[in-house]
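> Following is a predicted model, sequence given first.
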Amino acid sequence: MKKNCNSFFLSLKNYAGWERHSFHTPGHKAGQAFEKNFRKILQEKIFEFDITVTPFVDSIHEPKSVIKNLQEGICALYGVNKSFILVNGSTQGNLAAFLSLFKDGDTVLISRNIHMSVISACVISGIYPSWMNPPILKNGVIGEVSAKDVQNYINYYPEAKGVFITSPTYNGIITELEKIAEICHKEKKLLIVDEAWGPHLQFWKKEYSAVNF
């Protein structure tokens, strides 16, 4: 067991020492995305920051002070009505969305390029997935369904209670979110979008648009 643990630690240590550019998750690019002083504090205090629930740092289960203030700040930053800080990444968000919005036996239209956590969400919520097939680009990159695709699938599966898509995808494909939202509102369908790969787009000064497949 000790040998296995040391092997894992040495693998991480060796990888961290290589000269490289990060083209994988997470998006902080080996810490380069963080401001220099913030990185310095993390390097010095990382183990001291690894704590459990205490009155001094609030509780994520029933936030009343600093976590509550942080969630309200996120709402203001992104222009949304409600924000929840998650543990276990956006996986927990996908699980919570399905458990809170759907009930056993519901049908949900789901694009096939989903994160594996959505499969778990389908199982534990008891919903029936009706699969939407996104296009595959010439270079093999999987795209995302368009607004026209969503309308066609809703027409074919009128019993569907909601639509679940991923935008941007793992490869950075952005689809027609506004048009898809308009269709879902018109058809009285819930829309859930996994945007785990795109929180930084809020701060991008340039215009970005959906890819035309």
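Nice, thanks for sending it over.

> And Leu177, how close does it get to Lys68?
Distance of Leu177 to Lys68, computed by CB to CB, to the nearest Å: 29 Å. To be clear about C-beta, it is placed using only N, CA and C from the backbone, and glycine gets the same treatment.

> between those two, who's got more neighbours?
It is Leu177, of Leu177 and Lys68, that has more neighbours when counted by other CB atoms under 10 Å, with 17 against 14.

> Identify the spatial nearest neighbour of the more buried one, chain neighbours not counted.
Here the nearest residue to Leu177 in space, its sequence neighbours aside, is Ser167; by CB to CB, 6 or more residues apart in numbering that works out to 5.7 Å.

> Near the one you found, how many other residues are there?
By other CB under 10 Å, the residues close to Ser167 number 23.

> contacting residues around it?
Taking CB atoms under 8 Å, 6 or more residues apart in numbering as the criterion, Ser167 is in contact with 144, 173-175, 177, 193-195, 198.

> Apply 7 Å and report the result again.
144, 174-175, 177, 193, 195 (CB atoms under 7 Å, 6 or more residues apart in numbering).

> Relative to Ser59, which of those residues is nearest.
Glu195 (26.1 Å; CB to CB).

> which residues does that closest one contact?
Here Glu195 is in contact with Ser167 (CB under 7 Å, 6+ apart).

> How about the secondary structure of the residue nearest the centre of the chain?
Residue closest to the mean C-alpha point of the chain, counted by CA atoms, centre = their mean, is Ala196 at 2.4 Å. Ala196 carries the three-state label coil when classified by DSSP: H, G, I helix; E, B strand; the rest coil.
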